[in-house]
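*Asks:* Build me a structure from this.
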Amino acid sequence: MSTGSFLNISLAWASNPGQLAVVPVESAAKPIIVPAEAFRGLKDGTASPGAAAWLNLHRKGMDTNEFFNQWDLLLVLAVSLQATFLAYVRDPRWKAFILSMPVPFTIACLTVQQATGKTVGASNVAGLVLLLGFTHGVRLLYYRLKTPIIPAIMLAAVGYGVIGWLLAPRLPQGEGAFWAFAVGVMLIGGVVLKLMPSRREQGQRSSLPLWLKLPIIAAVVITLVLLKKGLQGFITVFPMVTVIAAYEARKCLWTISRQIPILMLIVTPMMMVCRLLQTRYSLGLGLLAGWAVLLSLLIPITWISWSKQDSQA
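*Replies:* Residues are numbered from 1 along each chain as shown. Below is the predicted model:
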């Protein structure tokens with residue numbers, strides 16, 4: 001067993017290949033098992049840039065999963081603002097467009113990396129299928145089964161959480177698995193989009209005052225962030241904004257649901273770019289390049305879709 005020490009941290013190869021046991025030197029805490037890729041480049045006392053911040057957070061023997069880091073706080077703020085903005089927009093099409101901005105995904109990727117060492121992998125891609133199930137679950141419960149909107153959202157969110165929690169430690173994390181999931185998710189997104197023609201639906205704008213709306217949304221987001229350890233990559237596409245969007249867009253859930261397969265078609269390429277760049281360079285650079293790819297797809301898709309709707313009106 002080879003060991004090393006860095007920033008008051010003892011590292012040892014775990015029993016499973018590709019994993020490291022991380023033990024705070026000055027504490028008797030149990031080892032924290034993390035992917036070896038989080039410490040890619042660790043040699044002779046030096047660490048890769050992606051591992052440095054994670055190691056630094058363990059200087060006092062603390063497990064990063066037990067408290068909020070700076071990315072968690074930024075995630076709460078950004079998602080709260082995005083969801084609040086969406087709540088006060090009336091046009092369903094603009095609600096769907098705002099929902100397409102991968103702000104939660106971007107920041108959640110960074111907080112998961114800092115907390116667990118995990119970067120973009122198969123669970124991130126697979127989460128898009130669960131997101132599709134969440135939105136359609138809310139729509140069917142509310143429209144077909146006449147379930148009140150809040151219980152419908154809660155049931156669908158719990159379903160996402162339970163399935164994600166069960167799948168996260170069981171999904172393969174290799175290159176082949178990631179690319180297979182990516183292709184499969186894009187195929188599913190394309191088929192679902194083909195089966196869901198666009199509709200013009202009634203708009204809706206929140207009537208609650210901002211001072212009351214924002215704290216409610218922040219409380220919901222904080223609760224979701226606390227799930228990051230168990231959900232791993234699934235938390236990056238957990239319906240943080242969609243939970244709020246489903247309530248605020250309950251009169252236009254078809255439009256919101258139809259936007260999810262579009263997300264599958266544009267966020268998956270973003271994840272592909274992240275996967276290609278995160279190992280050689282950094283996750284941050286991968287996310288930045290991924291945003292460029294996403295916007296280059298989202299803007300023309302949105303323009304074509306809206307033009308077609310206007311011509312048919």
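
*Asks:* If you count neighbours, what's buried in stretch 190-198?
*Replies:* For stretch 190-198, a neighbour-count test (16 or more other CB atoms under 10 Å) marks 192-193, 196, 198 as buried. From N, CA and C alone the C-beta is placed, and that goes for glycine too.

*Asks:* Same question for stretch 70-77.
*Replies:* Here stretch 70-77 shows 71-72, 75-76 as buried, counting by 16+ other CB under 10 Å.

*Asks:* OK, contacts around residue 199?
*Replies:* When contacts are counted by CB atoms under 8 Å, 6 or more residues apart in numbering, residue 199 is found next to 254-255, 258.

*Asks:* In terms of secondary structure, what does the host helix or strand of residue 73 contact?
*Replies:* Using DSSP states H and E, residue 73 maps to helix 70-87. Here helix 70-87 touches helix 92-99, helix 103-116, helix 210-225, helix 240-248, going by 3 or more CB pairs under 8 Å, 6 or more residues apart in numbering; DSSP states H and E.

*Asks:* So for it, mean pLDDT?
*Replies:* Averaged across helix 70-87, the pLDDT comes to 82.

*Asks:* what are the ranges of the strands in the chain?
*Replies:* 3-6, 9-13, 19-24, 32-35 (DSSP state E).

*Asks:* Pick out the shakiest of the ones you listed, pLDDT-wise.
*Replies:* strand 3-6 (a mean of 40).

*Asks:* What average pLDDT does stretch 131-140 get?
*Replies:* Mean predicted confidence for stretch 131-140 is 93.

*Asks:* buried residues in it?
*Replies:* Quick answer for stretch 131-140 (16+ other CB under 10 Å): 131-139.

*Asks:* between these, which is nearest residue 174?
*Replies:* Among the buried residues of stretch 131-140, residue 131 lies closest to residue 174 (CB to CB), at 23.1 Å.

*Asks:* quick one: that closest one and residue 160 touch, right?
*Replies:* Yes: under the criterion of CB atoms under 8 Å, residue 131 makes contact with residue 160 at 7.4 Å.

*Asks:* For the stretch 101-250 of the chain, give me the ranges with low pLDDT.
*Replies:* Where the stretch 101-250 of the chain drops to pLDDT under 70, the residues are 115-117, 203-213, 224-225, 227-236.

*Asks:* And for residue 259, the neighbour number?
*Replies:* 26 (other CB atoms under 10 Å).

*Asks:* which residue sits closest to residue 99, ignoring its sequence neighbours?
*Replies:* residue 245 (5.3 Å; CB to CB, 6 or more residues apart in numbering).

*Asks:* Now for the one you found: which residues touch it?
*Replies:* Contacts of residue 245 (CB under 8 Å, 6+ apart): 83, 86, 95, 99, 256.

*Asks:* Grab the nearest non-local neighbour of the second one.
*Replies:* This means residue 86. That would be residue 98: by CB to CB, 6+ apart, it lies 4.7 Å from residue 86.

*Asks:* Residue ranges of each domain in this structure, please.
*Replies:* Domain segmentation of the chain under automatic domain parsing yields 3-56, 70-305.

*Asks:* right, and these - which one's nearest residue 312?
*Replies:* The nearest among the domains of the chain, by CB to CB, is domain 70-305 at 8.5 Å.

*Asks:* Could you work out the end-to-end span of the closest one for me?
*Replies:* 38 Å (CA to CA, to the nearest Å).

*Asks:* any chance you could map the helices in the stretch 201-313 of the chain?
*Replies:* 210-225, 228-231, 240-248, 253-278, 283-312 (DSSP state H, counting those that start in this stretch).

*Asks:* highest average neighbour count across these?
*Replies:* Each of the helices of the stretch 201-313 of the chain was scored by mean neighbour count; the highest is helix 240-248, a mean of 25, by mean count of other CB atoms under 10 Å.

*Asks:* got the angle between it and helix 70-87?
*Replies:* 20 degrees (axes from the mean of the first three to the mean of the last three CA atoms, to 10 degrees).

*Asks:* angle of helix 240-248 against helix 92-99?
*Replies:* Using the same axes, to 10 degrees, helix 240-248 lies at 160 degrees relative to helix 92-99.

*Asks:* residues contacting residue 171?
*Replies:* With CB under 8 Å, 6+ apart, residue 171 has these contacts: 121-123, 126, 177.

*Asks:* Check the residues you listed against residue 286 and report the nearest one.
*Replies:* residue 121 (12.2 Å).

*Asks:* For residue 259, give me its contacts.
*Replies:* So residue 259 contacts 96-97, 99-100 (CB under 8 Å, 6+ apart).
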